[in-house]
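Colleague: Would you be able to build a 3D model of this:
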Amino acid sequence: MTEDTNNPNKEGHGGGKQPQPQKKKKEKKPPPPPKVEREWTEEMQQDLERILSVGEECISEKELKGLITAKGRGADNAGFNLYDGFEPSGRMHIAQGVFKAMNVNKCTHDGTNSTFVFWVADWFALMNDKMGGDLEKIKIVGQYLIEVWKAAGM
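Modeller: Coordinates of the predicted model:
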């Protein structure tokens, strides 16, 4: 058997160089498509004003305007969410019933592309000893409130 002196991978080769691993060429990803800014419409402006007339905890008008532009009226997506919570604590009063329904309906006006999400603070009602701290009664009150809001058109 003869020694292969031309093969640098073979032991005993006098070149002293070790084989170098092949570097994989990184495939360049195509750049993301440019964001297409939708044109701000009069209807979008009305949605903005309607929501701002209700929302007390909007971080900024600019942020809400961006949200409406990206996900609001006419956008090809699932829309955006608005949130509110309530503690089931007994009979509903006028502000809790009628005004909440009016405000929610303003925010979810036809075409706005928004959904209102309600958080039922039943555990807070339990901690605050509402309905005598009876979780079953608290659940019944929560269901009652939901039915009143449905009846009010929400």
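
Colleague: I'd like to know which elements the longest helix seen in the chain is packed against.
Modeller: Secondary structure of the chain read by DSSP state H shows that its longest helix is helix 135-151. If contacts are counted by 3 or more CB pairs under 8 Å, 6 or more residues apart in numbering; DSSP states H and E, helix 135-151 sits against helix 100-107, helix 122-127. Yep, even glycine has a C-beta here, placed from its N, CA and C like the rest.

Colleague: Please work out which of those helices is packed deepest.
Modeller: Comparing the helices and strands packed on helix 135-151 by mean neighbour count (mean count of other CB atoms under 10 Å), helix 100-107 ranks first with a mean of 18.

Colleague: For whatever helix or strand comes next after that one, which helices and strands make contact with it?
Modeller: As assigned by DSSP states H and E, the chain's next helix or strand after helix 100-107 is strand 114-120. Counting contacts by 3+ CB pairs under 8 Å, 6+ apart, strand 114-120 packs against strand 80-86, helix 100-107.

Colleague: Of the ones you listed, which is nearest residue 115?
Modeller: strand 80-86 (5.3 Å; CB to CB).

Colleague: Go ahead and name everything in contact with the helix or strand following that closest one.
Modeller: As assigned by DSSP H and E, the chain's next helix or strand after strand 80-86 is helix 94. Helix 94 is contacted by no other residue when judged by CB atoms under 8 Å, 6 or more residues apart in numbering.

Colleague: returning to that earlier point: kindly reformat the helices and strands packed on helix 135-151 as a markdown table and extend each row with mean pLDDT and distance to residue 113.
Modeller: Below are the helices and strands packed on helix 135-151 laid out as a markdown table (pLDDT from 0 to 100; distance: least, CB to CB, whole Å):
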| stretch | mean pLDDT | distance to residue 113 |
| --- | --- | --- |
| helix 100-107 | 90 | 11 |
| helix 122-127 | 93 | 30 |
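
Colleague: okay, the ones you listed in JSON lines with distance to residue 137 next?
Modeller: Shown next, in JSON lines, are the helices and strands packed on helix 135-151 (distance: least, CB to CB, whole Å):
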{"stretch": "helix 100-107", "distance to residue 137": "22"}
{"stretch": "helix 122-127", "distance to residue 137": "9"}
